[in-house]
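[1] Have a look at this prediction, sequence included:
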Amino acid sequence: MIDWLVDPLTHGFTVRALIEIALLGVTSGAIGCWVVLYRISYSAESLAHGMFPGLVGAALLGLPLMLGGATGIIIAGLLIAVVGRLSADAADTAIAVVVTSLFGLGVLLALSPDSPPGIQALLFGDPLGITEGQLLVTALLGATVLAALWFGHDRLLAVGFDGDAGRAGGPSPGLIQGLLLILVAVTVLVGVQGLGNLLVAAILVGPAAAARLLTDRMKPMILLSAGIAVLSGVAGLYLSFHGRVAAGAAIVACILLAYLSAAFLAAAKTRLVRPTRKETPDEPVTQLV
Amino acid sequence: MAEPAIAAAHMSLGYAGRAVLRGLEFQVPTGSRVGILGPNGGGKTTLFRALTGEIEPLSGHLEVNATTATVAQTDRSRLDYPVSALDVATMGSLARLPWWKRPGRAERRRAREALAEVGLAELADSTFGDLSGGQRQRVLIARALTADAELLLMDEPFTGLDTTNEQRLEELIDSLAVKGRTVMIATHEVEQAERWDLVLCLNGEQISFGDPAVAISKPVLEATYGGHIVEIPGQPELGVLPAHHHHHDEGHEGAGQ
Ligand SMILES: Nc1ncnc2c1ncn2[C@@H]1O[C@H](COP(=O)(O)OP(=O)(O)OP(=O)(O)O)[C@@H](O)[C@H]1O
Ligand SMILES: [Mg+2]
């Protein structure tokens, strides 16, 4: 058992992968709570898919992935914003068309004869191939995102609660939502290194959704979500190391498992704690957790 | 005379260039309680939106010389949100704090006081979404109090309150006015509006404005509510609204508080 835990730690690449996934877990677990509360999971996923041609382009040209990813995400973000504006009535459809086209373009590029091998790492991530430089980038950007979230916590909470309704002098909803989207874009960019284009949305949304089921307060939700993300990430890496399965897929499977366990716990708790809810709808249920 | 809290002149309001409320012409002195009467769709909420700056007048002038906070009509707030009543009340302090400051202990204490002021001291730590409709309404009022606003706009705050809490809210409005706050209350209860300092009757346009004793009359109420007035026996000059105007939906305040 001890060997099972220690074995991976004797390899530099697994240690780097563990650190990467822990950093990524804390960051995306925390911001994921806001993604879930603001109901912008769809935007987050759109950004991840829309940046794909940028990533592939960088791989083909031999440029740093982060550079390609950043360019891709900015272009995708602008296109989504413009198209969403142009066709306000069918913004959903328009954005879907843009995102799918961008993703298709990326796939076309990736299938071109002179694409380097290992381009599938862009789709499914390659946590075991993380370099020290990439770790540093993850740490710096992650710390920036977390600092911004800490700093803006109360404004985010207020705007998500009822936007303009209670405002007058308070934070501007448009500004707060815009800043949140930028932070989400940065997190997606960081996450793609480890988890790839297709799976990064899972670590953004899954742990937060699981945490929401377990608590009725924002701060515990953020802590739980970050904890679930880190645990799932680490567990997934161990599974991958010992079971020789793809790391990204193993991590996503662990996140799914965490979510299902949370749903089970929440259902059990509702049965135990709230049996009289129907009869006395006016009694506030005091402190569930 | 001191500067009025609100001055509107030849003002019309509307959406996308289409006026829904015309002929607004009134001045509200600081510290007064103003009732706003009008049928559904009469323009009460629209007026509030103009006062908070959410919409601009289509024509005419509007001057608001006060920091403003609203208690929204149907709570646009979300019930699935992971916050306590205290968290919500504390949000009001963001209106006073500079953008780089986070609410701290002092703000939370102020929020607790505000919750106590609306009679919710014991429920401060309950989850907002688990409260009854009337209790949630009072949490939103506490949030407006925490904002320390000089002008409070309450959009049908009595909807869903039981008699005890209705009385308590009226006392709260009185005490706010005594402390120099200006309070505007949209309501469907004519009798209530008669007890306050000023009344503004709206029905797509300003029907009348002023001291309720003068500004509320049978013709005014007929113009405001379109003639469906029930006379009060023994008081033929006044009337009350037919029952369907009192929409006591949603909230159900029980013994639980
Ligand atoms: N966002 C909007 N866009 C366009 N028209 C609107 C909008 N909001 C309200 N209106 C219109 O403006 C008119 C006044 O509406 P308002 O909500 O101000 O009435 P109200 O007096 O608050 O009614 P109620 O008693 O039902 O709350 C209505 O005819 C309504 O259809
Ligand atoms: Mg209204």
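    Great, that's in hand. Ligands and ions are numbered 1, 2, ... in the order given.
[2] What about the nearest residue to A:Leu183 once chain neighbours are set aside, how many residues nearby?
    Nearest residue to A:Leu183, sequence neighbours excluded (CB to CB, 6 or more residues apart in numbering or on different chains): A:Val145, at 5.2 Å. For the C-beta atoms, the positions are set from N, CA and C on the backbone; glycine is no exception. Using other CB atoms under 10 Å in any protein chain shown, A:Val145 has 21 neighbouring residues.
[3] Please go through chain A and pick out the longest helix.
    Counting by DSSP state H, the longest helix found in chain A is helix A:173-214.
[4] The residue nearest the centre of chain B and B:Ile173, how far apart?
    Centrality entry for chain B: nearest residue to the mean C-alpha point is B:Met154, 1.4 Å, by CA atoms, centre = their mean. From B:Met154 over to B:Ile173 the distance is 8 Å, taken as CB to CB, to the nearest Å.
[5] ditto for B:Asp125
    26 Å.
[6] can you pull out the helices in the stretch 101-250 of chain A?
    Along the stretch 101-250 of chain A, counting by DSSP state H, counting those that start in this stretch, helices occupy A:121-124, A:132-162, A:173-214, A:218-243, A:247-273.
[7] deepest of those helices, which one?
    helix A:173-214 (a mean of 23; mean count of other CB atoms under 10 Å in any protein chain shown).
[8] so how far is that one off the chain centroid?
    Centroid separation between helix A:173-214 and its chain, computed with CA atoms, centre = their mean, to the nearest Å, is 3 Å.
[9] Okay, angle between that helix and helix A:218-243 too, please.
    Interaxial angle, helix A:173-214 versus helix A:218-243 (axes from the mean of the first three to the mean of the last three CA atoms, to 10 degrees): 60 degrees.
[10] the inter-axis angle of helix A:173-214 versus helix A:247-273?
    Interaxial angle, helix A:173-214 versus helix A:247-273 (the same axes, to 10 degrees): 70 degrees.
[11] now helix A:173-214: mean pLDDT?
    Averaging pLDDT along helix A:173-214 gives 90.
[12] Give me the packing partners of it, helices and strands only.
    Where contact means 3 or more CB pairs under 8 Å, 6 or more residues apart in numbering or on different chains; DSSP states H and E, helix A:173-214 is packed against helix A:12-37, helix A:41-50, helix A:52-61, helix A:65-86, helix A:121-124, helix A:132-162, helix A:218-243, helix A:247-273.
[13] List of residues touching the shortest one?
    Which is helix A:121-124. A:52, A:55-56, A:59, A:65, A:110, A:129, A:192, A:195-199, A:246, A:248-249 (CB atoms under 8 Å, 6 or more residues apart in numbering or on different chains).
[14] sorry, back to before: the more surrounded of B:Asp125 and B:Ile173?
    B:Ile173 (21 against 15).
[15] which stretches of the stretch 101-250 of chain B form strands?
    All strands of the stretch 101-250 of chain B, identified by DSSP state E, counting those that start in this stretch, fall at B:151-155, B:182-187, B:198-202, B:206-210, B:230-232, B:235-240.
[16] Run through the helices of chain B in chain order.
    Assigned by DSSP H, chain B shows helices spanning B:44-52, B:85-91, B:105-117, B:133-146, B:163-178, B:190-194, B:212-215, B:218-225.
[17] out of the ones you listed, which comes closest to chain A?
    Distance to chain A, taken as CB to the nearest CB, is lowest for helix B:85-91 among the helices of chain B, at 4.2 Å.
[18] and stretch B:55-65, what's its mean pLDDT?
    For stretch B:55-65, the mean confidence score works out to 93.
[19] Pull the residues that contact that stretch.
    B:3-15, B:17, B:19, B:24, B:46, B:49-51, B:53, B:151.
[20] And that stretch, what's buried?
    If you call a residue buried by 16 or more other CB atoms under 10 Å in any protein chain shown, then stretch B:55-65 has these buried ones: B:57-58, B:62, B:64.
[21] what two of these are the furthest from one another?
    Farthest pair in the buried residues of stretch B:55-65 (CB to CB) is B:Leu58 and B:Val64. Separation: 16.6 Å.
[22] so what's residue 37 up against?
    No chain was given, so I picked chain A. A:160, B:81-82.
[23] could you do chain B instead?
    B:Leu37 touches B:187-188, B:190, B:193, B:199-202, B:216, B:224, counting by CB under 8 Å, 6+ apart.
[24] Kindly provide the distance from it to B:Glu191.
    From B:Leu37 to B:Glu191 the distance is 11 Å (CB to CB).
[25] shared neighbours, these two?
    Counting by CB under 8 Å, 6+ apart, B:Leu37 and B:Glu191 have no shared contacts at all.
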